[in-house]
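> Quick one, what's the 3D model for this:
(chains A and B)
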Amino acid sequence: MRAKVKRFIQKSPFLLLLVSTGILFSLIGLCGRKNIYSGQEYAPLKEPASVMMFKGFKDDIYPWQMFEEESAAVMASKEDAGQQNDTAESGAVADGQGDEKATEELPDKAQETDKAAESGEPGDEGKNSQGPAQEADDGAGSPESEVKDGHGPDPAEEAKEADTGRNGTSAQEKEEGSGNGKDQGNKEDQESGASQGTVSDSGGREDEEDTKPAEEDAEEGSKPPEGKDLQERELPNGRIKPLRESTREEYLNHISADIYGDAGVKRAAEYGFSQVDESYFDDALFIGDSRTVGLRDYTDLSEHADFYCETSLTIQKILKEDFHGLGTIEKALENKDYGKIYIMSGINELGVGTTEDFMDHYTEVVDFLHEKEPEAKIFIQGIMRVTGKKHHSDPIFNNDNINARNNAIATLADNECFFYIDVNEVVCDEEGNLNSEYTYDQLHLLGKYNDLWKQFLLSHGVAMEQE
Amino acid sequence: MVSFSGLEFLFRLLPVFLIIYFITPAKHRESILLLESLIFYALGEPLFVLVLVVATALNYYLGEKLWKPGNVPCIYGRQVRRRKTFLLLAVGADVGILGVFKCLAVFVDNALLPMGLSFYIFKMISYQMDLYRQKVPEKPGWKQAALYFTLFPQVESGPIMGYAQGGFGSGKGCSLEGFEDGLKCFVAGLGMKVLLADKLAILWNDLQMIGFQSISTPLAWLGAAGYSLQLYFDFWGYSLMASGLMVMLGYPFIMNFNDPYASKSISEFYRRWHVTLGRWFREYVYIPLGGSRCDKKRLVLNLALVWLLTGIWHGNGFNYLVWGSVIGLVIILEKLVYGKLLQKIPLLGNVYVLVLIPLTWVIFAVTDLQQLVIYFGRLFPWFGGEGIAVNQRDIIKYLRDYSIYFIAGISLCIPAMTRFWKRHKDHPLVMLLLVLVFWMAVYSQSVSAGNPFMYLKF
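Sure, this is the predicted structure:
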């Protein structure tokens, strides 16, 4: 037998190397499943456990972080020993099961969640908290907790989670942040949760946010998770409150809910833009994703304006991005006084979080720009739509979702410092879809059609006298 | 379609297949492999697996009528005629099946073309021809014939192995060395497919996204080169994976690519590119037509016909016809006019191949003829191919993003690399490198799995 093993080792070193590394990576994945990788979807029948480790790399989550999280996780599991010891497991399983189950099971369990909030009372601290920490939880957290509810945790768990959050366990946040089947969403949410979350707030707030929709849903059938909070906010002057709240279905689906209506778009359209010439862009800064890269590369605007754009940029990443060595936006604003700042972002994060999350991030970004460059006119550009073909075939990247988010960001325009302009006016067909002749991939303008966008910008200047 | 480079195949299907295969006694392994192959195909084509099964049964039945031991000549004319009739019947049925589905794909819906049909039908024709020519020494049993047609490593995209090459019928032993060798080939192929071809595919996609009118001439050439490498590593990588799997299962290695980009003429290139398809056309079309042992007129006709058929085989678009015709024309010119000159000046031959082949791949890639004209206009702007909104500096951006893939890809096209691989594939450092390649490929697949926008980051 020994000789056989020895022979095997001698004859199959490569196979052994592959198998042993495979086992090691899978073990890492499985060990991390309860903490650092808990936010990930994992389909054991389709992929190896090592996939979790690799997906973690992409989100800057490394295996050694498992040990940093471990002590907190152990504490948590001790607290709810017995009935709760499979929380992470059920959560992870639920991830793969998607929204439907959560939706189905929720009504019965919602009251439990409600009680949890009352008995645990952990939520007060974060009641009015906003900003990045909130994003981390809201983006995907609530539906996840719904899913958990479906699997029958009790009030103690809710309280525990909130406490853990307060104690600064970002792993728990991530667990809460695990999504409803939209992987990208999880990642983004985790990212913001891990990097920006002020944990003491998020823990409490999370609990409240988790329980609030369930509570309302149980009572009234269809209530939003965020709406109340949004309405209670002190909105800066001129900003429009949502016209309605996102429906339960929209909320669970994590895709855009058109909660703002077109009030913002209408008000923005009241402004009388004027025709300008190219020198107008001499003090302009363009921020955006690959579509703005197209504008930079296939028009001569880059001879006048500065472009801070990057493929796959999202609103969450804008303020952190290094833009291929150009530096961050903050540095750009320090180095030069810009008179106009144009921003277009939103297509990449369409499947991420909710309209509310997107709106919060967007608000944070434009407020930051305004704070750093108070004199600059900030042009919020509506997200360019996709073609009808894409619109009809894609559950996420479709024009309903784009329009909903455009309606949201349009409300930020006050026609004094912030302006909303929508290039869709010139690149879309009669049905409001991106003109299929203008694109190959249903999403990006062909190089030569970026000129339409440029001409649109030239016709949407803010004249000096109006400034 | 189950992809060899997909995580589900790599980590779920393949290990299960291999374990079941190897715990089965050697004499029953062919049966198990046949079953696994049918499951594999059915997973990708739950409905069209019936086409495969029917075609398999039909070909086995007709093949049985054809078979005759290699050392027994046909004495009676009646016997010869009878065999010929069955051959014509079999080949006619196979060509008919292929023709019908090709027409359905062209005129109705592309989804009506069963996966791998072109490949397994060619194997079936090859089987009948080899039986007719008495090249198969032992009479194939139904299991062996069915296994030959359906072998899961080859059923999707070849290689188009000859029946006699497979060594069917003998119980498949389990050799650790063979398994190791096959596994290394498989991993090398996986790396080529995932780490090179799939990455270079993004470059080509970008060019289409920008629109050919707006790409600069240097970028147009870079795109042509990138597509040439992409196609090569995609197909060579796939073939290596398929052949590696065959070796792991105890079958011989089938060479499908033999450093084609080091060729000195287009004829040589196609003797080294997709070798098994070239062999098929040579043995079953070109030589029966008279090959090159005939007058010039006939030679031209033979070559033209072979390349026209090759074009049709490759795809349904009109551009494939153009592509096949261009290659045919160039090969005819080589045979009749300047072939000897290329042989005399090797460097000239190399340059000629490296310039001409990427151009022919552009024809292969661009299905819309109008777009093709625009692309050639950008490649040769001196002849009036003016662009619109061209960014003259685009090449800098793309060189920055893709030079690593070009360096790696071009290095792997050098024959010395193949020699190095053959000599040193058992070296511990090479093995470690392969392990790294494997996990890098798995990483790449992990982070893009389930993401339909793998190529499309906005």
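> Tell me the buried residues in stretch A:309-319?
Buried residues in stretch A:309-319, counting neighbours by 16 or more other Cβ atoms under 10 Å in any protein chain shown, are found at A:Cys309, A:Glu310, A:Thr311, A:Leu313, A:Thr314, A:Ile315, A:Gln316, A:Lys317, A:Ile318, A:Leu319. Backbone N, C-alpha and C define where each C-beta goes, glycine included.
> May I ask which helix or strand encompasses the residue in the stretch 251-400 of chain A that chain B sits nearest to?
Nearest residue of the stretch 251-400 of chain A to chain B, counting by Cβ to the nearest Cβ: A:Ser312, 3.9 Å away. Per DSSP states H and E, A:Ser312 falls between elements, in no helix or strand.
> And A:Cys31, how close does it get to A:Gln65?
Separation of A:Cys31 from A:Gln65 (Cβ to Cβ, to the nearest Å): 12 Å.
> Point me to the residue of the stretch 151-300 of chain B nearest chain A.
As assessed by Cβ to the nearest Cβ, chain A sits closest to B:Ser214 within the stretch 151-300 of chain B, at 2.9 Å.
> Next, count neighbours for residue 347.
Since you didn't name a chain, this refers to chain A. 26 (other Cβ atoms under 10 Å in any protein chain shown).
> I was thinking of chain B, sorry if that wasn't clear
B:Leu347, neighbours per other Cβ under 10 Å, totals 8.
> list the helices and strands the helix or strand it falls within packs on?
Following DSSP H and E, one finds B:Leu347 within helix B:346-365. Contact analysis of helix B:346-365 by 3 or more Cβ pairs under 8 Å, 6 or more residues apart in numbering or on different chains; DSSP states H and E lists helix B:217-248, helix B:266-272, helix B:318-333, helix B:339-344, helix B:369-379 as its packing neighbours.
> got the contact list for the lowest-mean-pLDDT helix or strand in chain B?
The helix or strand of chain B with the lowest confidence, counting by mean pLDDT, DSSP states H and E, is helix B:339-344 at a mean of 90. Residues outside helix B:339-344 that contact it (Cβ atoms under 8 Å, 6 or more residues apart in numbering or on different chains) are B:Lys264, B:Ser265, B:Ser267, B:Glu334, B:Leu348, B:Gly349, B:Tyr352.
> Chain B contacts on the stretch 301-450 of chain A?
Within the stretch 301-450 of chain A, the residues that sit near chain B (Cβ under 8 Å from any Cβ of the partner chain) are A:311-312, A:347-348, A:439-441, A:443-444, A:446-448, A:450.
> before we move on, back to that, which non-adjacent residue is nearest the residue of the stretch 151-300 of chain B closest to chain A?
Counting by Cβ to Cβ, 6 or more residues apart in numbering or on different chains, A:Gly447 is the residue found nearest to B:Ser214 once chain neighbours are left out, at 2.9 Å.
> neighbours of that neighbour, just the number please.
Residues near A:Gly447, counting by other Cβ under 10 Å, number 26.
> thinking it is in contact with A:Arg296, fair?
No: in this structure A:Gly447 lies outside contact range of A:Arg296 using Cβ atoms under 8 Å: 11.1 Å.
> where are the low-confidence patches of the stretch 201-350 of chain A?
A:201-237 (pLDDT under 70).
> how about the strands in it?
A:284-288, A:306-309, A:340-344 (DSSP state E, counting those that start in this stretch).
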